[in-house]
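# The following block contains a protein sequence and its predicted model.
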Amino acid sequence: MSRRRLVPVLVLCAVLGGTAARAQVQTAPGEAANAVSPVLILPPTPPPRLVSTYPAQDQSVTPGVLILKAAFDQQMSPAAWNYAPAPGAEPMDCVKTPRLLSDQKTFVLLCRVLAGRTYGVTFNAERVGGFANLGENPAETASLTFKVDGGAPVTTLRRAMELAGLQGDQTPVQEAPRASAGNAAGGR
């Protein structure tokens, strides 16, 4: 007998065509006999759906600073998003990247809108690479159009957040962490 022992680490009991598959591996010296690498398996999910927006479809809002808010029915990936102008409507003037709020379902985007215009946005105009849940399943494509009236313009971020129903910690932009004195001086 050899001093090396074969230790069954994983046994696959998938019956395929009446046969069972078994896997055995050699244990490296000093490695626990039952060490297993973690694997994350997410169950299939339906595509996320857009459940609410601010502004709402066909709503009339005041000009100036606007925070576009889009809430989905599932937890979403913070790095996956895609928005484009809706057909037949003015494109909005927005920062490039939306922020995913701590509820993990709501994105906010800082924009500027002008009086007397109709704006529109399409979420996931291209589903690949667009808004997606944690299982990387892309959201359904959805469009939103709204009008801007001629009222007094919104000129502050605070007022725009109030109109969008956001709390103080739900700003559409995050500040970068401040450098400590040690980091600012080159780490000395």
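Arrived safely, thanks for sending. Numbering: from 1, shown residues only.
# which residues in this structure form strands?
Secondary structure of the chain by DSSP state E: the strands cover 6-10, 15-16, 19-20, 23-26, 50-54, 60-61, 64-72, 83-85, 93-94, 99-100, 106-113, 118-123, 142-148.
# thinking Thr45 is in contact with Glu136, fair?
No - the pair Thr45 and Glu136 fails to qualify as a contact (C-beta atoms under 8 Å) at a distance of 9.6 Å. C-beta coordinates here come from the backbone N, C-alpha and C atoms, glycine included.
# before we move on, back to that, which of the strands of the chain is buried the deepest?
The highest average neighbour count among the strands of the chain, using mean count of other C-beta atoms under 10 Å, belongs to strand 64-72 at a mean of 23.
# packing partners for that one?
Contact here means 3 or more C-beta pairs under 8 Å, 6 or more residues apart in numbering; DSSP states H and E; on that basis strand 64-72 packs against strand 50-54, strand 106-113, helix 157-163.
# residues in contact with Thr53?
Under the criterion of C-beta atoms under 8 Å, 6 or more residues apart in numbering, the contact partners of Thr53 comprise 68-71, 144.
# repeat for Gln59
Taking C-beta under 8 Å, 6+ apart as the definition of contact, the neighbours of Gln59 are 146-147.
# Report the separation between Thr171 and Gly135.
In this view, Thr171 and Gly135 are 28 Å apart by C-beta to C-beta, to the nearest Å.
# same thing with Ser143?
Counting by C-beta to C-beta, the gap between Ser143 and Gly135 amounts to 24 Å.
# related to what we said a few turns ago, wait, which of the contacts of Thr53 is closest to Asn124?
Nearest to Asn124 out of the contacts of Thr53 is Ala70 (C-beta to C-beta; 10.3 Å).
# where does that closest one land on pLDDT?
The score at Ala70 is 97. That number is its pLDDT.
# just to revisit the earlier point, between Thr171 and Gly135, who's got more neighbours?
Shown here are Thr171 and Gly135; by other C-beta atoms under 10 Å, Thr171 has more neighbours (18 against 15).
# And the pLDDT at that one?
For Thr171, the model assigns a pLDDT of 90.
# wait, what's in contact with it?
Thr171 is in contact with 99, 108, 157, 161, counting by C-beta under 8 Å, 6+ apart.
# ok, Pro81 touching Cys94?
Rather than Pro, residue 81 is Trp. No - counting by C-beta under 8 Å, Trp81 does not reach Cys94; the two are 11.8 Å apart.
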